[in-house]
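Chemist: A structural model of the following input is requested.
(chains A, B, C and D)
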Amino acid sequence: MSQRNKVVASFAEAVRDIPDGATIGFGGFAMPGTPFNLIKALAEQGARNLTLVANTTGGAQQPRMPDIAMLVENGQVRKVICAFTAATRASDVLPFTKYYEAGEVEAELVPQGTLAERMRAAGAGIPAFYTPTAVGTELAEGRETRVINGREYLLEYALPLDYAFVRARRADTFGNLRFWRSQRNFNPVMAMAARVTIAEVDEEILPAGAMDPDDVHTPGIFVHRIVKVPPAPDGIWPQKRQERNR
Amino acid sequence: MSQRNKVVASFAEAVRDIPDGATIGFGGFAMPGTPFNLIKALAEQGARNLTLVANTTGGAQQPRMPDIAMLVENGQVRKVICAFTAATRASDVLPFTKYYEAGEVEAELVPQGTLAERMRAAGAGIPAFYTPTAVGTELAEGRETRVINGREYLLEYALPLDYAFVRARRADTFGNLRFWRSQRNFNPVMAMAARVTIAEVDEEILPAGAMDPDDVHTPGIFVHRIVKVPPAPDGIWPQKRQERNR
Amino acid sequence: MSGTKGSKGWNRQQMADRIAQEFQDGWIVNLGVGLPTLCSNTDIGDREVIYHSENGVIGYGPIAAPGTEDLNLVNAGGQNVTLKPGAAVVHHADSFAIIRGGRIDATVMGAYEVACNGDFANWKIAGAKGGGIGGAMDLAACAKRVFIILEHTTRDGKPRLVRQCALPVTARGVVTLAATNFGLFEPTGEAFRVRDLAPGVTLEEVRAATGCPVLA
Amino acid sequence: MSGTKGSKGWNRQQMADRIAQEFQDGWIVNLGVGLPTLCSNTDIGDREVIYHSENGVIGYGPIAAPGTEDLNLVNAGGQNVTLKPGAAVVHHADSFAIIRGGRIDATVMGAYEVACNGDFANWKIAGAKGGGIGGAMDLAACAKRVFIILEHTTRDGKPRLVRQCALPVTARGVVTLAATNFGLFEPTGEAFRVRDLAPGVTLEEVRAATGCPVLA
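Modeler: Below is the predicted model of the structure:
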């Protein structure tokens, strides 16, 4: 894979080789940093039997943007690994729930910090680690724990990805990325965990050398394909949503 | 501890409360990012029975700068935890070696990546993790290993610090730090691992808000005291050394 | 976490206000989605608190005024917030390093139930398949103090302050204080101790509406 | 790792050149202190290699010209280097995440001994108390390929290519290729296979100076 110029002309081209059965991680927390355009392209590409890793399956908010649940609705997903697999209020309905309750898709529920750390561990060559999170809960039932310095910890395993979809504000042709504000969220750890990282980028792609080496958030060696997001309506951008105040 | 203004007037004041028996980590890899001024202040302050964590004990190069070995020579050190505890060429002599061979100081030799990760783990609330590094070597003898997905890994524990000494290029009064080029090295992970982080800073301290939130390398919540390094000769700055080409 | 209109004692903002009064100068505080967010409206004088959001925002300020929103800047609830001077942004693994590493002085969360042994439950609705954990289990296990805000009873009058959680717990033995519309309560193991009663609420009313002993 | 002046076969730069010829376009390569550094002098045509240094510098270039040094920018050997367009800097834990995570296509290191079973030793001098591991154990255990550059024999003529390491090993079974002044050798388990002989060096000379079988 060339390190020289990773710019790809279209989202369709960027996701074309994703095979059935792949494990794909998605950056994003609420709207910021969510790779809407790549999700849409994956829906159009049609790969099936996928395992998807993301904070949430999405779809709780209006306007609805491309989300993991749409890929589930599309019949492409075998399993999701998320920090939210159901709503926490009876009055909320997640689009994912219908498919999950019908047994049409599997789900693994993981605390958000454990999810981020499992991805970071995969990227860092750490196959397993201990965490205090979820000890004493339903999630720890039947699983291996260990007492270290008098406290009980749960053993968690790295979660490597075949592909990561990320969204960044800025990129250079070498793949160095910068994120804007809370757009960063899961994106850098998804990129670390993946064999192939595909980035959709808000701004025009810069030539290599235009980004100061101290300003890079995700080094280009973690990024393999870059697509500039075109202006709306061709490209999908975060939109204002109704303010909710629960 | 106030989060408002962490600026301290002198290195002496910044290290005054360090008690005998403390565990202190030092940023720095070769000259960049080494907190020379804080090391010197600690030598003058005189705390004893210390455990010191750093990449190396130093002193192999000329001109000699304040280093860990000086604190050993000063009789302040019980133990060092480093990636280098002896030279790798018979012709090199480390100042530390004499004291180590005489049994006047203990040493724990840790691979550099494991050292960085143990510090990062301490900062991240991960009490232990597995790594492939050092498996099958003298360092793994008698220690716990585990086979995960067919490969053998060594169990390593977090290494928390009481204090971290770091050197940065830029800081604001809230303690947000930026490093310049390879000045970064161990500094961010030392700051993460420590209860109290003391930073010596090259540039004039900025008011909070003058650093863009996306440009911060180490968030101020990890930094407790900041001292501006005065111009030489009052302050100690990296110096050119003879180029060695081994 | 339903509305409190017409219910006895403190309203939603007052419950949040009471918790916010516990915040000390220099604390790093994580506010969960919903009711806890209201803590950032409370006037706590010249005490300075740094708000941390699980998505990596350290030092955020009030909700952005309409028309000034940065759509790429949200708090844990997805609301567009502002940044205070000195703010910094980190990625998710670093954000939870901050949480797991014990840097959060207090976390404030909603819950379905709090038990007097310090357990609480807030991620799984009875009978649901799956749940919504988000950052709650990390925060609950690792923050120095866990503050809970919840209605004292369910809509049909069942106690939410109980001897033992019926729902799957988020963490065990971690709750520092729970604020309800009836007052502020401290789990002591076998009971809740009253730290404050809301105006017009009596100890007897609290005891009648609580699923375990209540100490004055 | 002593000087090769007057010794038979390749000189120091030629040993490094032979290893550098293995580098493929787009590789991420970590060069150890000393001899391996010379690989960055080698002309490998239009192949582009990204040099990674354990202190977190990704994409460094040649040593800085005298007078232009940035004293806060060094490679693993502490030499003041330059940066290429597209360079990035990360901290130490992230730098070793890159190493441990398997992103390094090749690491080049010096050594005291290399065994035909792929073990090698480079961190502890015989009889020494302590040693200098640096990043060697992480790189050796985790890089996709481990290339070693060393003199074929010690100053007093003892083989450095051996059946089994006498010194404490850095990692087991990991060496891809070893370049010495005599040529380029591949450990095969029970022997070293000759991949290249330096000009003027015969297979017989290699066999006489090697501590285990050598295959043509």
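
Chemist: output the contacting helices and strands for the helix or strand of chain A with the lowest mean pLDDT.
Modeler: Using mean pLDDT, DSSP states H and E, the weakest-scoring helix or strand in chain A turns out to be helix A:95-101, at a mean of 94. Contacts defined by 3 or more CB pairs under 8 Å, 6 or more residues apart in numbering or on different chains; DSSP states H and E place helix A:95-101 against helix A:68-73. All C-beta atoms are positioned from the backbone trio N, CA, C, and that covers glycine.

Chemist: next helix or strand past the helix it packs on?
Modeler: Next helix or strand after helix A:68-73 toward the C-terminus (DSSP states H and E): strand A:77-82.

Chemist: distance between that following strand and the chain's centre?
Modeler: Here strand A:77-82 is found 12 Å from its chain centre; the criterion is CA atoms, centre = their mean, to the nearest Å.

Chemist: and the contacts of that strand?
Modeler: A:21, A:49-57, A:68, A:71-72, A:96, A:105-110, A:115, A:159 (CB atoms under 8 Å, 6 or more residues apart in numbering or on different chains).

Chemist: for the least confident helix or strand of chain A, which positions count as buried?
Modeler: Buried residues in helix A:95-101, defined by neighbour count with 16 or more other CB atoms under 10 Å in any protein chain shown: A:95-97, A:99-100.

Chemist: what is the nearest of these to C:Cys212?
Modeler: C:Cys212 lies nearest to A:Thr97 out of those, by CB to CB, at 33.2 Å.

Chemist: just checking, that closest one touches A:Glu73?
Modeler: No: with contact defined as CB atoms under 8 Å, A:Thr97 does not reach A:Glu73; the gap is 11.7 Å.

Chemist: which strands border the helix or strand following the least confident helix or strand of chain A, and is each parallel or antiparallel?
Modeler: Per DSSP H and E, the first helix or strand lying C-terminal to helix A:95-101 is strand A:106-109. Strand pairing for strand A:106-109, determined by DSSP bridges: strand A:77-82 (parallel).

Chemist: got the contact list for the spatially most central residue of chain A?
Modeler: When CA atoms, centre = their mean is applied to chain A, the residue found nearest the centroid is A:Phe26 (1.6 Å). Residues near A:Phe26 by CB under 8 Å, 6+ apart: A:34-35, A:39, A:52-54, A:68, A:164-165, A:186, A:190.

Chemist: swap the cut-off to 10 Å and go again
Modeler: Residues near A:Phe26 by CB atoms under 10 Å, 6 or more residues apart in numbering or on different chains: A:33-36, A:38-39, A:42, A:52-56, A:58, A:67-68, A:71, A:82, A:161, A:163-167, A:186-187, A:190.

Chemist: wait, what's in contact with the closest residue to C:His92 other than its chain neighbours?
Modeler: Computed as CB to CB, 6 or more residues apart in numbering or on different chains, the closest residue to C:His92 that is not its neighbour in sequence is A:Ala116, at 4.0 Å. Contacts of A:Ala116 were listed using CB under 10 Å, 6+ apart, and they are A:55, A:83, A:110, A:159, A:185-186, A:188-190, A:193, C:54, C:56, C:91-97, C:100, C:135, C:138.

Chemist: can you rerun that using 7 Å?
Modeler: A:186, A:189, C:92-93, C:96 (CB atoms under 7 Å, 6 or more residues apart in numbering or on different chains).

Chemist: next one, pLDDT for residue 191 please.
Modeler: By default, I'm working from chain A. Reported pLDDT at A:Ala191 in the predicted model: 98.

Chemist: sorry, should have said chain C
Modeler: Per-residue pLDDT puts C:Ala191 at 98.

Chemist: what number of residues lie near the spatially closest residue to it that is not a sequence neighbour?
Modeler: Nearest residue to C:Ala191, sequence neighbours excluded (CB to CB, 6+ apart): C:Pro213, at 3.8 Å. Neighbour count of C:Pro213, defined by other CB atoms under 10 Å in any protein chain shown: 13.

Chemist: that older thread, how about the backbone phi and psi for the residue nearest to C:His92?
Modeler: Main-chain dihedrals, A:Ala116, degrees, to the nearest 10: phi -60, psi -40.

Chemist: can you show me the strands along chain A?
Modeler: A:23-26, A:50-53, A:77-82, A:106-109, A:128-131, A:145-148, A:151-157, A:161-168, A:170-171, A:177-178, A:194-201, A:225-228 (DSSP state E).

Chemist: packing partners for the last one?
Modeler: It refers to strand A:225-228. On a contact count with 3 or more CB pairs under 7 Å, 6 or more residues apart in numbering or on different chains; DSSP states H and E, strand A:225-228 meets helix A:11-15, strand A:194-201.

Chemist: mind putting the ones you listed in TSV, mean neighbour count included?
Modeler: Formatted as TSV, the helices and strands packed on strand A:225-228 follow (neighbours: other CB atoms under 10 Å in any protein chain shown):
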stretch	mean neighbour count
helix A:11-15	21
strand A:194-201	24
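
Chemist: same list (those) but as JSON lines, adding mean pLDDT and distance to C:Arg18.
Modeler: Shown next, in JSON lines, are the helices and strands packed on strand A:225-228 (pLDDT from 0 to 100; distance: least, CB to CB, whole Å):
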{"stretch": "helix A:11-15", "mean pLDDT": "98", "distance to C:Arg18": "50"}
{"stretch": "strand A:194-201", "mean pLDDT": "98", "distance to C:Arg18": "45"}
